[in-house]
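S.K.: generate a structure from the sequence data that follows.
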Amino acid sequence: MDDTLLLIFVFGFGLTSCSLSPPFIHWTWFGLADDKKSWKWNMGKDSNSWRWSATGETSKTGYQNWLPGQPNQAKIHKACVITYSDGQWDDIACHPKNYFVCYNDTNPPGQKTYHLIENLMNWDNAQTYCRTHHTDLAMIEDAQENTKMMSAAQSTYKAWIGLYRILWSWSDKSSNSTFRNWEEGQPNNSNQDCVFENSKHKWNDYGCDTKKPFVCQRDLKLKRMLRMKIQSDADLSDPASSNQMLQQLHAVLMNRTSMVDFKLVWRTEPRKQEQDDEKKVTCN
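M.R.: Reported below is the predicted structural model:
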């Protein structure tokens with residue numbers, strides 16, 4: 001027996017409402033910042049906290065062995081980490097060339113071996129080298145591993161390890177955008193942790209306690225409703241059958257379209273024969 005159904009689905013597109021600075025306003029705050037509490041006082045879990053190159057994630061153990069007073073962002077924003085020969089860590093800019101420490105993860109996993117590479121490279125090139133010839137730049141999750149790493153690195157004054165962070169993050173914590181539009185020479189001051197846009201729509205770091213106009217955003221949902229007729233030999237009055245077909249159709253739409261945040265709802269049209277039968281009913 002055929003069932004004719006109306007399939008209705010409602011979907012939303014996530015849009016952002018945002019405007020650039022009007023030309024008559026010289027500076028406006030927007031949502032890019034470098035939050036000190038994410039990296040300075042703990043091995044936190046925020047988007048710009050310190051994380052390990054091998055995983056791209058923040059520390060699972062929270063272990064750290066910073067020099068006293070570090071990390072401190074003195075004079076410039078710093079995103080990479082070196083170890084000194086005594087095993088203590090320091091944050092510096094990523095572009096200088098240093099020796100570096102790679103590691104290999106043994107079998108069973110977790111028993112790391114560390115290797116000092118006496119080639120001068122910046123942090124990014126050192127990471128590429130370690131990933132090519134070893135597991136990654138040194139990952140250190142406890143005091144025992146730091147001691148093993150220090151033993152490998154003790155023949156040099158300082159060397160890169162695999163700790164790094166993403167300098168700037170968005171205030172809503174939801175955006176992965178890496179787009180940047182800095183004014184030439186910016187950012188240039190480690191004590192300036194917030195960002196404004198100037199009248200040329202270029203970005204500059206600035207002190208967060210300064211009062212300026214600001215730009216907000218909001219997410220918009222555009223809803224649409226489409227109707228689709230489906231005929232099937234299955235008994236779609238059976239909830240199990242209709243739910244199974246609904247799930248399959250949802251999976252197909254997710255895989256083959258760019259639609260997000262949508263839902264599917266069954267609406268059953270009355271059968272014409274049933275309507276005709278109802279018209280024939282008479283009362284005596």
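
S.K.: just give me the neighbour total for T128.
M.R.: Using other CB atoms under 10 Å, T128 has 12 neighbouring residues. (Each C-beta comes from the backbone N, C-alpha and C, glycine too.)

S.K.: go on, the one 5 residues further on?
M.R.: The number of residues packed around H133, counting by other CB under 10 Å, is 11.

S.K.: and the closest residue to it other than its chain neighbours, what pLDDT?
M.R.: Nearest non-adjacent residue to H133, counting by CB to CB, 6 or more residues apart in numbering: C102, 6.9 Å away. Listed pLDDT for C102 reads 97.

S.K.: separation between C102 and N119?
M.R.: Note on C102: its distance to N119, by CB to CB, to the nearest Å, is 11 Å.

S.K.: quick one: the helices in the stretch 151-284 of the chain?
M.R.: In the stretch 151-284 of the chain, the segments counted as helices under DSSP state H, counting those that start in this stretch are 239-256, 272-280.

S.K.: and the longest one, what does it pack onto?
M.R.: I take that to be helix 239-256. strand 3-17, strand 262-268 (3 or more CB pairs under 8 Å, 6 or more residues apart in numbering; DSSP states H and E).

S.K.: which of those strands comes out lowest on mean pLDDT?
M.R.: Of all the helices and strands packed on helix 239-256, mean pLDDT reaches its minimum on strand 3-17 (a mean of 45).

S.K.: any buried residues in the helix or strand just after that strand, and which?
M.R.: Using DSSP states H and E, the helix or strand that follows strand 3-17 in sequence is strand 27-33. Using 16 or more other CB atoms under 10 Å as the test for burial, strand 27-33 gives 28-33.

S.K.: now the residues you listed as TSV including pLDDT and distance to K60?
M.R.: Converted to TSV, the buried residues of strand 27-33 look like this (pLDDT from 0 to 100; distance: CB to CB, whole Å):
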residue	pLDDT	distance to K60
T28	80	39
W29	78	35
F30	74	33
G31	77	29
L32	81	28
A33	78	26
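
S.K.: element containing the residue nearest to H133, please.
M.R.: C102 is located in strand 98-105, with elements delineated by DSSP H and E.

S.K.: so what touches that strand?
M.R.: Identification of contacts with strand 98-105 by CB atoms under 8 Å, 6 or more residues apart in numbering yields 54, 82-83, 111-123, 126, 129-130, 133-139, 149, 152-153, 156, 158-162.

S.K.: again with stretch 29-39
M.R.: Stretch 29-39 has contacts (CB under 8 Å, 6+ apart) with 44, 46-50, 71, 77, 165, 167-172, 193-197, 203, 205, 208, 212-215, 217.
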